[in-house]
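Undergrad: what's the 3D shape of this:
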Amino acid sequence: MNLAQLRALVAVAETGSITGAGTALQVTQSAVSHALASLETELDARLVVRERSGCVLTELGYRLLGHARDAVRAVERLAEEAAAARDEHVGRLLIGAFPSAGQLLPPLVARLSRHHPGVSVTLLEGSDDEVTEWLRAGIVDLATVTSALPGLAITPLADDEMLAVVPAGHPLAHEPHVDVEELDGDPFLLSDGGCEPIIQAMYAQAGLRLRPTHRVRDMRTLLAMVSENLGVTIAPSLAISGPSRNQLIHQGVVGLSLRPRATRTLYLANRAEVSLSPAARTLLDAARIEELRPTG
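TA: Residues are numbered from 1 along each chain as shown. Okay, the predicted model is just below:
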């Protein structure tokens, strides 16, 4: 078994085809096919099924994929650690982020790129559950999460205020603060993101039961429904604000602070059992500096 075989398996899984794998690895299609065939011969098992629409991994192929990714990354780590010993960073860094947390990462990535141009950084955006699954599967090196999860090490990234979001013409729209109890008389629209446990806890603390009338995945759709007086919601400020943090991403709605003030903490997570690359360690160090920097 050799590295070329494992690289081929990982590339086919990620691109879904022999052609895509060849392009990603900068080798010919025949080289990818030969590497896969020799790996299957060595293991005496079918790992990839070739179909007209592309390639899919067999059940065994999926079980071995995580080990193959870890092996490829371990070999890459040798060069990265050697370069770090010379005060250089090289290699690639993949970060998974859900949309509201993703806007916190560009300044950290830009700082890393300025000091270590040899590192290629890729941001992959997905839902809360998707980015966590990418991290556990070894597809990304770091991922944004909103709570501690088994098997993951976490580094605080930022605190994000939870806001009540009401239509601009709502009786509460001009209040400086609102209580959860004041929202209980309106239909509640709930995002399918990762904030439901936080909102559930807020309602439970107020002695209320959260009864959402609609569940919506996309935040812009959710805010559009609020603006059309279909209900109210509670959402993180990062999810509903533009880059300035003062302008909501949808007209016709108002974001109000809650009383008592409620926040969620965003973290960068990595797999606890897998050693971090020098680039990942540097980015996490930068995140810790940002998190400790006083605000206001």
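Undergrad: could you use CA atoms for every contact and neighbour count after this?
TA: Noted.
Undergrad: how's the chain carved up into domains?
TA: 1-88, 159-264 (automatic domain parsing).
Undergrad: could the ones you listed go into TSV alongside distance to residue 104, mean pLDDT and mean neighbour count?
TA: Formatted as TSV, the domains of the chain follow (distance: least, Cα to Cα, whole Å; pLDDT from 0 to 100; neighbours: other Cα atoms under 10 Å):
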stretch	distance to residue 104	mean pLDDT	mean neighbour count
domain 1-88	25	90	16
domain 159-264	9	89	17
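Undergrad: out of the ones you listed, which gets nearest to residue 276?
TA: Residue 276 sits nearest to domain 1-88 of all the domains of the chain, at 8.7 Å, using Cα to Cα.
Undergrad: residue closest to the middle of this structure?
TA: Nearest to the mean C-alpha position of the chain, by Cα atoms, centre = their mean, lies residue 97 at 2.3 Å.
Undergrad: please name the residues that touch it.
TA: 123-128, 131, 143-144 (Cα atoms under 8 Å, 6 or more residues apart in numbering).
Undergrad: so what touches the host helix or strand of residue 190?
TA: Assessed by DSSP states H and E, residue 190 sits inside strand 188-191. With Cα under 8 Å, 6+ apart as the test, strand 188-191 has contacts from 196, 211-219, 222, 226, 231-235.
Undergrad: can you check stretch 35-44 too?
TA: Under Cα under 8 Å, 6+ apart, the answer for stretch 35-44 is 1, 4-6, 8-9, 46-48.
Undergrad: pairing partners for residue 152 in the sheet, please.
TA: Following DSSP bridges, residue 152 is listed with bridge partners residue 271.
Undergrad: verify the stated contact: it with residue 270.
TA: Yes - between residue 152 and residue 270 a contact is recorded at 5.6 Å, counting by Cα atoms under 8 Å.
Undergrad: the more surrounded of those two?
TA: More crowded of residue 152 and residue 270, by other Cα atoms under 10 Å: residue 270, with 27 against 19.
Undergrad: how near is residue 108 to residue 284?
TA: Per Cα to Cα, to the nearest Å, residue 108 is found 9 Å from residue 284.
Undergrad: settle it for me: which of these two has more neighbours?
TA: Neighbours per residue (other Cα under 10 Å) separate residue 108 from residue 284, with residue 284 holding more: 22 against 16.
Undergrad: show me the contacts for the more buried one.
TA: 155, 268.
Undergrad: ok, now the one 3 residues further on?
TA: By Cα under 8 Å, 6+ apart, the contact set of residue 287 is 108, 155-157.
Undergrad: now do the top helix by length along the chain: distance to the chain's middle.
TA: Criterion DSSP state H: the longest helix present in the chain is helix 59-85. Distance of helix 59-85 from its chain centroid, counting by Cα atoms, centre = their mean, to the nearest Å, is 21 Å.
Undergrad: quick one: whatever helix or strand comes next after it to helix 59-85, angle?
TA: Where DSSP H and E defines the elements, the next helix or strand beyond helix 59-85 is strand 91-97. Angle, strand 91-97 to helix 59-85, by axes from the mean of the first three to the mean of the last three Cα atoms, to 10 degrees: 120 degrees.
Undergrad: in terms of secondary structure, what does the following helix or strand past strand 91-97 contact?
TA: Next helix or strand after strand 91-97 toward the C-terminus (DSSP H and E): helix 99-102. Here helix 99-102 touches helix 237-240, going by 3 or more Cα pairs under 8 Å, 6 or more residues apart in numbering; DSSP states H and E.
Undergrad: returning to that earlier point: got CSV for the contacts of stretch 35-44, with distance to residue 176 and secondary structure too?
TA: Listed next are the contacts of stretch 35-44 as CSV, based on distance: Cα to Cα, whole Å; DSSP: H, G, I helix; E, B strand; the rest coil:
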residue, distance to residue 176, secondary structure
1, 65, coil
4, 61, helix
5, 61, helix
6, 58, helix
8, 58, helix
9, 56, helix
46, 63, coil
47, 60, coil
48, 59, strand
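Undergrad: any idea which of those is closest to residue 29?
TA: residue 8 (10.1 Å).
Undergrad: quick check: closest non-adjacent residue to the closest one.
TA: residue 32 (5.7 Å; Cα to Cα, 6 or more residues apart in numbering).
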